[in-house]
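Q: Would you be able to build a 3D model of this:
(chains A and B)
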There are 2 protein chains.
Amino acid sequence: MSRKFRKSPPQGGRHLRDGPRQPIAFYFDFISPYAYLGSVGIERIAARHGREVDWRPMLLGISMFKVMGLKAVPDTPLKGTYAAHDWPRFARYLGIPHAPEARTQFAPLPAARAFTWQKERDAPLAKQLAQAVFRAHWGEGRDMSMPEVVAAEAAALGIDRAAILAGIEDETTKLRLRAHVDASLAKGVFGAPTFIVDGEMFWGADRLDQVDRWLATGGW
Amino acid sequence: MSRKFRKSPPQGGRHLRDGPRQPIAFYFDFISPYAYLGSVGIERIAARHGREVDWRPMLLGISMFKVMGLKAVPDTPLKGTYAAHDWPRFARYLGIPHAPEARTQFAPLPAARAFTWQKERDAPLAKQLAQAVFRAHWGEGRDMSMPEVVAAEAAALGIDRAAILAGIEDETTKLRLRAHVDASLAKGVFGAPTFIVDGEMFWGADRLDQVDRWLATGGW
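A: Now for the predicted structure:
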């Protein structure tokens, strides 16, 4: 454990039930419709348990292609066909907006950089921006590839359009996002959505029920 | 729709609630601990809804490697590490026996052939055999690679040991299993466990809750 943890009250696992509670870590990539589903589901669950959610960007383009040697789901025979049918069905199951025609292959980097830039300035507002991007792309079918459309979502939330456009292009932002991706890989995060609850990792929107039970019981 | 469906009573979706009910199709491969989890979960759910489960063998070695171009989960960086932690946790969640030390790479073909051979003679007994193999390998950590150990499980269920050993080696059995695998691919089945409920496909043990809801409501 690092020094900062040793100086803190007991952390991790069952201790947390009576101690300070760390936020739930939520790793996401805008490219994934399942991350969209997970983003809605985890906030619902966290709210029920009085927990915060810390949104953390990762990139499937790095974890899946470069580290794991896999292909994108839409490019995978059979699985791609299934996912195209499955994710809208899952969205109906959760009762959230969904646009089955949404482009599965778009450029998530501008939005990921916008989030990264905004989170260092105002984390709750960055989360709102991410939620707006997810909803626009997967909920309403509006392609969120271009910096300009991401900036328009940001502007609707009161964020300065020119500032976030500059932030998206800033070399510092790119390096910060890369550092976030490296950190996610160092924790073993490979897919999106991934949730880490009191040190326990769960991968997949279809594990929300287990996350819920973990929070309720302290683990099993 | 094919001719046989047109001549039958209404099939599929909500009609089934008041009509004849097809069994739930359960596609499995002994190589997958998640198929083991799914095998227990789907029988529980089917029993609650008064439905039968039709066990159908498939081979991830064909679907994942040859058709989809993926690697085995244990060989996939990060994902393999996660799965080794996840499946025993999932087994505890379901409250079923689990042997975290069970070999992830073993030869599932002899057991798949034994099941195929036995199902043509006595399907309920074949299911019992499959359940015994799953439990022995993933629940108790006994390697089920060899025909002799599969035959021993069969013998414990009253199946003739010499007969099933001959059945495992029979060319007809091998061709039948191959036909089952081809049929699963033709339906778009690529992973294990996969469940088909009234024409609707669900992949993954973590979708048992959605299968349950589909059976309860007729779909959404």
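
Q: Going by C-alpha atoms from here, please, whenever you check contacts or count neighbours.
A: Will do.

Q: Run through the residues of chain A sitting next to chain B.
A: Neighbours of chain B within chain A, by CA under 8 Å from any CA of the partner chain: A:67-71, A:76-79, A:82, A:86, A:89, A:92-93, A:188-190, A:202, A:206-207, A:210, A:220.

Q: Among those residues, which ones are in helices?
A: Among the residues of chain A next to chain B, the ones falling in helices (DSSP state H) are A:79, A:82, A:86, A:89, A:92-93, A:210.

Q: can you list those in CSV and add neighbour count and pLDDT?
A: Below are those laid out as CSV (neighbours: other CA atoms under 10 Å in any protein chain shown; pLDDT from 0 to 100):
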residue, neighbour count, pLDDT
A:79, 21, 94
A:82, 19, 97
A:86, 19, 98
A:89, 17, 98
A:92, 13, 98
A:93, 14, 97
A:210, 16, 97
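
Q: Tell me the one of those residues nearest residue B:178?
A: residue A:79 (20.6 Å; CA to CA).

Q: Which strand residues bridge the residue nearest the centre of chain A?
A: Computing the C-alpha centroid of chain A and ranking residues by CA atoms, centre = their mean puts residue A:28 first, at 2.2 Å. With DSSP bridges as the criterion, residue A:28 is bridged to residue A:57.

Q: Would you agree it is in contact with residue A:35?
A: Yes. Counting by CA atoms under 8 Å, residue A:28 does reach residue A:35; the two are 5.5 Å apart.

Q: Kindly state the beta-bridge partners for residue A:202.
A: On the basis of DSSP bridges, residue A:202 is bridged to residue A:195.

Q: tell me the contacts of it?
A: Residue A:202 is in contact with A:194-196, A:211, B:86, counting by CA atoms under 8 Å, 6 or more residues apart in numbering or on different chains.

Q: and what of residue A:132?
A: By CA under 8 Å, 6+ apart, the contact set of residue A:132 is residue A:153.

Q: From the chain's centroid, how far away is the helix or strand containing residue A:151?
A: In the assignment (DSSP states H and E), residue A:151 maps to helix A:147-156. Its chain's C-alpha centre and that of helix A:147-156 lie 18 Å apart, by CA atoms, centre = their mean, to the nearest Å.

Q: which of the residues in that helix are buried?
A: For helix A:147-156, burial by neighbour count (16 or more other CA atoms under 10 Å in any protein chain shown) applies to A:147-155.

Q: Most neighbours among the contacts of residue A:202, which one is it?
A: For those, the largest number of neighbours (other CA atoms under 10 Å in any protein chain shown) sits with residue A:195, at 30 neighbours.

Q: so where's chain A uncertain?
A: Along chain A, the parts satisfying pLDDT under 70 run over A:1-20.

Q: now do 50
A: A:1-16 (pLDDT under 50).

Q: Now for residue A:127: which residues touch it?
A: Contacts of residue A:127 by CA under 8 Å, 6+ apart are A:55, A:115, A:119.

Q: Any chance of the residues you listed in JSON lines with secondary structure and neighbour count as columns?
A: Below are those laid out as JSON lines (DSSP: H, G, I helix; E, B strand; the rest coil; neighbours: other CA atoms under 10 Å in any protein chain shown):
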{"residue": "A:55", "secondary structure": "strand", "neighbour count": "22"}
{"residue": "A:115", "secondary structure": "helix", "neighbour count": "31"}
{"residue": "A:119", "secondary structure": "helix", "neighbour count": "17"}
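
Q: Can you tell me which of these is nearest chain B?
A: The nearest member of these to chain B, counting by CA to the nearest CA, is residue A:55 at 20.6 Å.

Q: Against residue A:103, how distant is that closest one?
A: Note on residue A:55: its distance to residue A:103, by CA to CA, to the nearest Å, is 23 Å.

Q: can you check residue A:62 too?
A: Per CA to CA, residue A:62 is found 20 Å from residue A:103.

Q: related to what we said a few turns ago, give the residues shared as contacts by residue A:28 and residue A:35.
A: Listed as contacting both residue A:28 and residue A:35 by CA under 8 Å, 6+ apart are A:192-193.

Q: what ranges do the strands span in chain A?
A: A:24-28, A:53-57, A:194-197, A:200-203 (DSSP state E).

Q: mind putting those in a markdown table, distance to residue B:167 included?
A: Below are the strands of chain A laid out as a markdown table (distance: least, CA to CA, whole Å):
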| stretch | distance to residue B:167 |
| --- | --- |
| strand A:24-28 | 49 |
| strand A:53-57 | 53 |
| strand A:194-197 | 45 |
| strand A:200-203 | 40 |
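
Q: closest one to residue B:168 among these?
A: Here strand A:200-203 is closest among these (CA to CA), at 37.4 Å.

Q: mind listing what's buried in the closest one?
A: In terms of neighbour count (16+ other CA under 10 Å), strand A:200-203 has its buried residues at A:200-203.

Q: From the chain's centroid, how far away is that strand?
A: Centre-to-centre, strand A:200-203 and its host chain are 13 Å apart (CA atoms, centre = their mean).

Q: Kindly report the same for stretch A:24-36.
A: Put simply, stretch A:24-36 sits 3 Å off its chain's centre (CA atoms, centre = their mean).

Q: what does it rub up against?
A: By CA under 8 Å, 6+ apart, the residues outside stretch A:24-36 that reach it are A:39, A:42, A:46, A:51-60, A:87, A:104-108, A:111-112, A:133-135, A:138, A:184, A:189, A:192-198, A:204-205.

Q: swap in stretch A:58-76?
A: Applying CA under 8 Å, 6+ apart, the contact partners of stretch A:58-76 are A:27-29, A:31, A:79-81, A:83-84, A:104-105, A:177, A:180-181, A:184-185, A:190-192, B:68-71, B:76-79.

Q: That one spans what distance, first to last residue?
A: 21 Å.

Q: Same question for stretch A:90-102.
A: Distance across stretch A:90-102, first residue to last, is 15 Å (CA to CA).

Q: now swap in stretch A:85-105 and tell me
A: Start-to-end, stretch A:85-105 (CA to CA) is 16 Å.

Q: Outside of that stretch itself, list whatever touches it.
A: Contacts with stretch A:85-105, where a contact means CA under 8 Å, 6+ apart, come from A:31-34, A:37, A:41, A:74, A:84, A:135, A:137-143, B:202, B:210, B:220.

Q: Good, we can wrap up now.
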